[in-house]
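K.L.:
Based on what follows, work out the 3D shape:
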Amino acid sequence: MKLFNFSLHLTFLTVGLLYATSIRGEESSTEDRETHYKNPPRVCVAQGKYNPNKDYFPNKLEIESESFSVEYHSNYKIVTNRKSKEEVVLLQCGTPLPDRQLGNKRKVIEIPVNRIAVLQNSTASYLTLLGYPEVVKVNGSSSAPFLGADGANGALRKPKDRSRGIKFTAPDEVIDEVDVVFTGHYNPAAKHVTVSEGKEKVPLRTTDWLGYYSLFINQEKRANRLIQETRTNYQCISKRMNELMDRHNAPRYRIGWIRVEPQADYNNHTERWIFSTKKYKKGLSGDVGGDFLGNSTTHRMTDLQVAQSAMKE
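P.N.:
Residues are numbered from 1 along each chain as shown. Here you go, the predicted model:
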């Protein structure tokens, strides 16, 4: 049985790689070439120009996700993360808050955002796929250290506050400089928004979160196309891979998903190698003709050689 060790982040494999295979030169649109790797314009409604009868979001997100929902209004969106039970109001900048009562627990964020702090590993990957990595102004993610000026050394993450159920948060000076902070764990603090793609059980469901992020930068049209292309390619590649494996009676690779956690204050400056047991990774491993390694290796290891030995067991 062959052995294969994945150390790349899942998002780039399930979404980025599959999307990349779908883009051929003759199919790339002018819109792609012009918008890729550029900041989304901070287009706000000019003072005195607000029209209550105008639909400020003509391009709607078309997917229906089990994990989140969006309710469109003329100048704002109500986004619900069903996994974290969190609701956020996304208000078109330059327009007034609605007269209706939105509730005290809902956070209001003006969009389109163009200054983002990243605490969740996969966020930077999704924003890159949407064509806007430049919106990441502060990066605490280890999956994309090339984004943001602060690198991926964990310095942006404050220690856990177990009494409040908060795992990570951003320092006040970071919050003051950005429009939104994306984190994988619920935090009631201002500007923090929970993302939950890591809790998905089915691989393709992680792709839907492209739509979630697109809501914050008014790029639903682009997300609709990316999601559809990724789904089509994923199904095609999965079918082809398994057909080839069966036809040639080939041994299946053992696939282990390992994340390297760098030294930082929140982990007592101890580098760790962490095996993942998430269900959607198990599904992805099977879909590409592999055997998932992770059920018996849930522990964290501080030594690379120990981690490599575990892969061979």
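K.L.:
what bits of the stretch 51-200 of the chain have low per-residue confidence?
P.N.:
Confidence mapping of the stretch 51-200 of the chain against pLDDT under 70 gives the ranges 101, 103-105, 121, 139-171.
K.L.:
what ranges do the strands span in it?
P.N.:
68-72, 76-81, 86-92, 107-111, 116-118, 136-139, 180-183, 192-194 (DSSP state E, counting those that start in this stretch).
K.L.:
Which of the ones you listed sits closest to Asp287?
P.N.:
Of all the strands of the stretch 51-200 of the chain, it is strand 68-72 that lies closest to Asp287, at 23.1 Å by CB to CB. Bear in mind the C-beta positions are built from the backbone N, C-alpha and C, glycine included.
K.L.:
okay, the strands of the stretch 51-200 of the chain in TSV with mean neighbour count next?
P.N.:
Below are these laid out as TSV (neighbours: other CB atoms under 10 Å):
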stretch	mean neighbour count
strand 68-72	17
strand 76-81	20
strand 86-92	21
strand 107-111	18
strand 116-118	29
strand 136-139	22
strand 180-183	25
strand 192-194	22
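K.L.:
got the residue ranges for the helices in the stretch 1-150 of the chain?
P.N.:
Defined through DSSP state H, counting those that start in this stretch, the helices belonging to the stretch 1-150 of the chain, from first to last, are 10-11, 18-22, 30-35, 123-129.
K.L.:
rewinding a little: mind checking which of the strands of the stretch 51-200 of the chain is nearest Ser276?
P.N.:
Closest of the strands of the stretch 51-200 of the chain to Ser276 is strand 180-183, at 18.6 Å (criterion: CB to CB).
K.L.:
Direction included, what does the closest one pair against?
P.N.:
Based on DSSP bridges, the pairing partners of strand 180-183 within the sheet are strand 116-118 (parallel), strand 192-194 (parallel).
K.L.:
okay, it in PDB with CA atoms only?
P.N.:
Below are the C-alpha coordinates for strand 180-183, written out as PDB (Å, rounded to 0.1, in the frame of the first residue of the first chain):
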ATOM      1  CA  VAL A 180     -14.100  42.400   9.500                       C
ATOM      2  CA  VAL A 181     -12.300  39.600  11.300                       C
ATOM      3  CA  PHE A 182     -13.000  36.100  10.100                       C
ATOM      4  CA  THR A 183     -12.500  33.300  12.700                       C
END
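K.L.:
who's in contact with that strand?
P.N.:
By CB atoms under 8 Å, 6 or more residues apart in numbering, the list of residues contacting strand 180-183 from outside reads 109, 113, 115-120, 123, 168-170, 174-175, 187, 189, 191-195, 216.
K.L.:
Determine how far that strand lies from the middle of the whole chain.
P.N.:
Its chain's C-alpha centre lies 11 Å from the corresponding centre of strand 180-183 when counted by CA atoms, centre = their mean, to the nearest Å.
K.L.:
cool, stretch 283-296 as well?
P.N.:
The chain centroid and the centroid of stretch 283-296 are separated by 21 Å, computed with CA atoms, centre = their mean.
K.L.:
what about the helices in the stretch 151-300 of the chain?
P.N.:
172-175, 209-217, 220-247, 279-287.
K.L.:
wait, which of these is closest to Gly131?
P.N.:
Of all these, helix 220-247 sits nearest to Gly131, with 6.9 Å by CB to CB.
K.L.:
And that closest one, what does it pack against?
P.N.:
Helix 220-247 sits against helix 18-22, helix 209-217, helix 279-287, with contacts defined as 3 or more CB pairs under 8 Å, 6 or more residues apart in numbering; DSSP states H and E.
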